[in-house]
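Engineer: I would like the atomic coordinates for the input below:
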Amino acid sequence: MSSIFLNVILAILPAMSGTPTVSSLRTEHLVDPIGIDSPAPRFSWHLDDGRPDAGQTAYRITVASDSTDFEGSLVWDSGRVASDEVLATYGGPALAPFTRYWWKVSCEDKDGAAAQSPTAFFETGLMGQYAWRGSWISDKKDVDFFPAPRFRKEFKARGGIVEARAYIAVAGLYTMYINGEKVGDRVLDPAFTRYDRRVLYSTFDVTDLLRAGANAVGVELGNGWYNHQAVTTWHFDKAPWRARPAFCLDIRICYADGSEEVVSSGIGWHTLSEGPLVYNNIYTGEHFDARREQKGWAEPGFNEADWEGVKLRSCPAALVTSQQMVPIRESEEIEAVDIVKINNNRYIYDFGANMAGNVHLRIKGPRGTEIELTYAERLNSAGRADQDNINYYYFGDRNAEPLQTDIVTLSGGEDVFAPQYSYKGFRYVEVNASSSLKWGKEQLKAVRVHSDVPEVSSLSSSVPMVDNLWEATRRTYLSNLPGYPTDCPQREKNGWTADAHIAVETGLYNYDAFTVYEKWLADHRDEQQPNGLLPDIIPTCGWGYWNPAANGNGLDWTSTIALIPWELYLFYGDSKPLRDNYDNIRRYVDYALTLTKDGLCSWGRGDWVPVTTRSNKTLICSCFLYKDLDILCRAARLFGYEADAQKYGAIAETVRSAVNAKFLNASTGVYAGGMQTDQSLPLAFGLVPEESRQAVLQALVKRVEEDGCHVNAGVHGAKFALNVLAEGGYGELAYKMATAADFPSWGWWLENGKTTLIENWRLDVKRDNSDNHVMFGDIAAWFHRALGGITPDPEAPGFKHIILRPCFPAGLDSFACSYDSPRGRIDVSWQRKKRNVTVTTVIPCGATATFHYPDGRTEELSSGTHKLSVKSLR
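Structural biologist: Numbering: from 1, shown residues only. Here you go, the predicted structure:
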């Protein structure tokens, strides 16, 4: 059986049973979360019913505090709600902190028969600032002290432990142990925030780690972004929050007799400031001296005579809130595909593909042997690790604190080293040991590190370039998701706003990244100045709030405050991000309007990293202003703010008219200089007068053909030119651009050995040319949108109604993709036989679709499996 249609068959199988079921229960977009702070959690689910025209007609949600006596402990009953929605918000009495609640949903199908879900749960956390028992503590060193501090506390627990939870808030990063066992499997936790405004806490079920009698808890702190000791362009070493890392911890223990006790951080703890981790920096790496390890330090009975008392610290931020987000984890261990011996002490490990992460080292050697692990994306002409493409903005001591380098000193026994407080961007690792050691695949393995977002897509085709480019883009996206979207995982690790909004649809088509973006929007709110201004990078220490006259920042970058909530609404049908950020969007737009004259605005960076063309910056920025106004108007109408809708709608029309009066040549359809970006943005954002749309589209087609059917634009044009061409009926031309294998193109990178997307169309750029950069990363979304045709409908978001507009370009004989939408899996696959194409699509229960044929006809589809024939394709 061809694998290209396997996903379709798997989607059809549930229909054979004929019995609707309820699945995929989520609370706050997470599976059975513990430690949430939301006073009104969101519930979501799927009704799985493979019958034709299937759908939900009503639902009833019940929430209880006891799973063994559900009806007797009922907290909230929504009652029967006549609705086909699969997302609802808790509407019961105030939730108590530290409490597990159980919930289920009963869904009525199209015939009125009820399908009962399994029982899911969620557990509240502290639900506020004042439930903490612990104190914030640190050691007594200053910000320039290198070694990572460790902390420990012994305590006794009684028998009859029913459950125990650990709540830990950290300014910096941490690893926690109970009785010598690591708590959880997270790394780089908690995620980076604006630490003087918001600090996140994590919750763990530690019931199985505790025992009756003597127990011990140990915490090691890493610097993270809180105490950034490395010196770079972005000045995190001068951050207003910068201090020695600190933490606050409560371990709540519940007993069978109904009593509870809390073990908390405080003055009774002990600390060791000079442990084996003698240096750690999230930007540069870690230095580990295994000779200084103290075995058993996190176990009861350890001799802590050399340890000292802790220092009490004030809480670093006004907000200490739950990290309601998928955590960062090591997702995959990878063996080297090649090991090259340079000499007896030096080796090059090639892990086959670029990634963000670290290596795990396991080796035995003479005591005092020093091993230097240098991470790089490239090799130089001598076959050695080459960091010249990523080291330009690092101004630290490159001998004492080398960039992207871990240094390990061996104890003389078998030593294991796994970095906990840094990550790197790399394909290659150069090993340099001070003595000759045995090196093989088992000694050094790579691990990917990123937010552990679930996959929600599949794709396969008859053209390897399509499949390889899709995988390379997904690899790039994950490399740039360490709790917030970044530009690159090596040179910067910054939350560049434009990179994020350009690649957001790639993220959402391929991963369930809702919670990461929702967290990042909170970072936006923390960073926004009272006048509405946002910085280039989020979070920031203060870098990126540019004076508009300096040509930095601007609408084509920081419109993330509007674009990200809007995309979440389109993909999930969840309006909460729009509501939470509505005032921020409005203030941002109001600020942009102060920089607008006669409906036009030049506040922005322009079309970053073009090939040869220069598009008009005022046109670009004014288009983004119009898009922000449009989103603000739509949100205002959604929430019933009619005065705002009228006010900003009128301003949007002023901007639209001004753009067309200034830049559009109505007789030729050319905007400004007629470059790919000039033509595509007004089309994509809806500024083009209806009577001019075809002329503007034709001018874009002409421009692309003059450019040799290649992309000739920067980050904005590279995204929107392909999209408007495919939507406008020129999918074959867009496909040629997307899959070209010669310069300039995405395929050109792959043809030259790149395994992730890079920062510049050219390969020979000496500076600012990261080999793992997401800013040209919409291409993976384009495959789902254009070749699969799967697009959300703004009038029925969350894929309640699906727009299916696939294109069938010559040279591509088969294509299949899927997307796990909030209502279930959407499948599209097609095969070409001579001049005819057969399309098979599966529409999930409760959804409908409109299929657009290439000749302009449309066909309405209900839920279920459909086969369609597209005739007479040239």
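Engineer: tell me which residues touch P822, please.
Structural biologist: 44, 46, 86-87, 571-573, 798-799 (Cβ atoms under 8 Å, 6 or more residues apart in numbering). Where C-beta positions appear, they are placed from N, C-alpha and C, glycine not excepted.
Engineer: burial count for A243?
Structural biologist: The number of residues packed near A243 is 18, by other Cβ atoms under 10 Å.
Engineer: show me where the stretch 201-350 of the chain has helices.
Structural biologist: Applying DSSP state H, counting those that start in this stretch to the stretch 201-350 of the chain gives no helices.
Engineer: all strands of it, in order?
Structural biologist: For the stretch 201-350 of the chain, the strands defined by DSSP state E, counting those that start in this stretch cover 213-222, 246-255, 260-264, 270-272, 277-281, 285-289, 308-309, 311-313, 319-322, 328-334, 338-341, 346-364.
Engineer: quick one, which of these is nearest to A113?
Structural biologist: strand 319-322 (38.1 Å; Cβ to Cβ).
Engineer: could you list every residue that touches the closest residue to M127 other than its chain neighbours?
Structural biologist: Excluding the flanking residues, the one nearest M127 by Cβ to Cβ, 6 or more residues apart in numbering is P97, at 4.0 Å. With contact set as Cβ under 8 Å, 6+ apart, P97 has these partners: 124-128, 131.
Engineer: what separation do you get for V326 and P33?
Structural biologist: 10 Å (Cβ to Cβ, to the nearest Å).
Engineer: whoops, I mixed them up, E332
Structural biologist: If you go by Cβ to Cβ, the gap between E332 and P33 works out to 24 Å.
Engineer: which of these two has more residues huddled nearby?
Structural biologist: Set E332 next to P33 and count neighbours by other Cβ under 10 Å: P33 wins out with 24 against 13.
Engineer: now do the contacts for the residue most central in space within the chain.
Structural biologist: The centroid of the chain falls nearest to L481 when counting by Cα atoms, centre = their mean (4.4 Å). L481 is in contact with 450-451, 453, 507, 513, 516, counting by Cβ under 8 Å, 6+ apart.
Engineer: check the gap between F146 and G357 for me.
Structural biologist: Taking Cβ to Cβ, one finds F146 at 23 Å from G357.
Engineer: same check on D536?
Structural biologist: In terms of Cβ to Cβ, D536 sits 26 Å off from G357.
Engineer: which of those two has more residues huddled nearby?
Structural biologist: G357 (27 against 21).
Engineer: hmm, R448 and the more buried one touching each other?
Structural biologist: Yes: counting by Cβ atoms under 8 Å, G357 touches R448, with 4.5 Å between them.
Engineer: now for these two: what residues contact both?
Structural biologist: Going by Cβ under 8 Å, 6+ apart, residues that sit against G357 and also against R448 are E330.
Engineer: so which of the contacts of L481 is the closest to E261?
Structural biologist: Distances from E261 to these, taken by Cβ to Cβ, are shortest for S451, at 34.2 Å.
Engineer: tell me which helix or strand the closest residue to the closest one other than its chain neighbours sits in.
Structural biologist: Once flanking residues are discounted, S451 sits nearest to L481: 4.6 Å by Cβ to Cβ, 6+ apart. For L481, there is no host helix or strand (DSSP states H and E).
Engineer: so how far is K766 from L481?
Structural biologist: In terms of Cβ to Cβ, L481 sits 28 Å off from K766.
Engineer: could you do I790 as well?
Structural biologist: When I790 is compared with K766 (using Cβ to Cβ), they lie 40 Å apart.
Engineer: the more surrounded of the two?
Structural biologist: Counted by other Cβ under 10 Å, I790 and K766 do not tie: I790 has more neighbours, with 27 against 8.
Engineer: that's a strand at the residue nearest to M127, yeah?
Structural biologist: No: read with DSSP: H, G, I helix; E, B strand; the rest coil, P97 is coil and lies in no strand.
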